[in-house]
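1. got a sequence here, can you build the structure:
(one chain, ligands or ions: 1)
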Amino acid sequence: MIVVQKHGAVGWIVFNQPAKRNALSNAMWRGIPEAMRQFDADREVRCVAFRGAGNQAFSAGADISEFEQIRAQKASVAEYDDLLDRVLHSIQDSRKPSLAMIYGYCLGGGLEIALACDLRYCGQSAQFGIPAAKLGLGYNVEGHKRLLETVGHARARETMFLGRRYSAQEALQIGLVHEVFADADLESRVADILSTLAGNAPLSIANSKTVFEEYVKSRGEPDEKAMHAALSRCANSRDYQEGRRAFMEKRKPAFKGE
Ligand code: COA
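-> Model (predicted):
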């Protein structure tokens, strides 16, 4: 489940499934747009922050144990991706600034949410990656765009094609996070940053955010159909079935490209 809390001017969304490294279940994904709506409508909330429960993980991504049931058929995969798009847009399109505070694992959908946030700060324990190619999974279109905008072509390809894991320091180097703190200092340093965000002029921030988001949207005319076709080719593939089963059976997947 997610825990939605207000601490003064900060709206917190906490991923709370520690036994699974805060993997995001379908119900958790669904809770996010609703929480964002609530925070958007609340004048006392000046910024939104995301974290995982405990300090082992921000989130290890979507909950793979649910995939067989709700993310296995082409139609249900498309539905899942629509949900993810709604989640990312609810964060990106909010006029309020958002921040991800990251301990430990920040993988797949977890990183996707962190990338949808305006700011990312992590502890030294943080590890980042998008292991879609290790699962035969088609990674969400919006998530790809955000990754590319954040780290550029070279690193985005490395992240996706190799399914490579980055340490906190490497993440800092490639621009995935803004700053790395000692784990013991992360909460207090983030509290200072949130307090600055909350004290700055909301309309000035909203102005900048609107321009940044609209500018990104207006660049080029991507072939949405081609992007979604590539994504949906993964959805029905044997490799995707193999990838999620191999994860659950704790073995290495054997991919065939079909
Ligand atoms: N979905 C469902 N369950 C997950 C999960 C996920 N994304 N990530 C971790 N878990 C579960 C594990 O299955 C394990 O469950 P178990 O205790 O019943 O065996 C538990 O969380 C702890 O994970 P474990 O692998 O034992 O811990 P670890 O510290 O050695 O490794 C990770 C942690 C995150 C590196 C590893 O679990 C992992 O690679 N997870 C998958 C990440 C991923 O592919 N995310 C993208 C999803 S789209």
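2. what are the ranges of the strands in the stretch 101-250 of the chain?
-> For the stretch 101-250 of the chain, the strands defined by DSSP state E, counting those that start in this stretch cover 105-107, 119-123, 127-129, 166-167, 179-181.
3. parallel or antiparallel, list what pairs with the third one.
-> Strand pairing for strand 127-129, using DSSP bridges, gives strand 105-107 (parallel), strand 166-167 (antiparallel).
4. list the buried residues for the top helix by length along the chain?
-> When the chain is parsed with DSSP state H, its longest helix is helix 141-162. Neighbour counts using 16 or more other CB atoms under 10 Å place 141-147, 150-151, 155-156, 159-160 of helix 141-162 among the buried residues. Where C-beta positions appear, they are placed from N, C-alpha and C, glycine not excepted.
5. which of those sits closest to residue 38?
-> residue 142 (21.9 Å; CB to CB).
6. any weak-confidence spans in the stretch 151-258 of the chain?
-> Applying pLDDT under 70 to the stretch 151-258 of the chain flags residues 220.
7. now for the residue of it found nearest the ligand, how many residues are close by?
-> Residue nearest to the ligand within the stretch 151-258 of the chain: residue 247 (6.4 Å; CB to the nearest ligand atom). Neighbour count of residue 247, defined by other CB atoms under 10 Å: 16.
8. I'd assumed residue 135 was in contact with it.
-> Yes: here residue 247 reaches residue 135: they are 6.5 Å apart, a contact under CB atoms under 8 Å.
9. got any residues that touch both of those two?
-> Shared contacts of residue 247 and residue 135, defined by CB atoms under 8 Å, 6 or more residues apart in numbering, comprise 64, 253.
10. doesn't residue 254 fall inside a strand?
-> No: applying DSSP: H, G, I helix; E, B strand; the rest coil, one finds residue 254 to be coil, outside a strand.
11. tally of neighbours for the closest residue to residue 149 other than its chain neighbours?
-> Leaving out its chain neighbours, the residue that sits closest to residue 149 by CB to CB, 6 or more residues apart in numbering is residue 216, at 5.9 Å. Counted with other CB under 10 Å, residues neighbouring residue 216 total 12.
12. measure residue 204 to residue 194 for me?
-> Using CB to CB, to the nearest Å, residue 204 is found at 17 Å from residue 194.
13. apologies, that question was intended for residue 143.
-> 25 Å.
14. close to the ligand: what parts of the chain are there?
-> Listed as neighbours of the ligand in the chain under the rule CB under 6 Å from any ligand atom: 20-21, 23, 60-65, 105, 107-109, 131, 135, 137.
15. out of those residues, which sit inside helices?
-> The helices, defined by DSSP H, take in 109, 135 from these.
16. now list the buried members of the residues of the chain next to the ligand.
-> Buried among the residues of the chain next to the ligand by 16+ other CB under 10 Å: 20-21, 23, 60-64, 105, 107-109, 131, 135, 137.
17. what's the closest of those residues to residue 89?
-> Distances from residue 89 to those, taken as CB to CB, are shortest for residue 109 (14.6 Å).
18. just checking, that closest one touches residue 84?
-> Yes: using CB under 8 Å, residue 109 is in contact with residue 84, at 7.0 Å.
19. spit out the residues that contact the two alike.
-> Shared contacts of residue 109 and residue 84, defined by CB under 8 Å, 6+ apart, comprise 29, 143.
20. ok, which stretches of this protein are helices?
-> Here the chain has its helices, by DSSP H, at 26-41, 67-70, 74-92, 109-116, 132-135, 141-162, 168-174, 183-199, 202-218, 224-235, 238-248.
21. look up how far residue 22 lies from the residue of the stretch 151-258 of the chain closest to the ligand.
-> As judged by CB to CB, residue 247 and residue 22 stand 16 Å apart.
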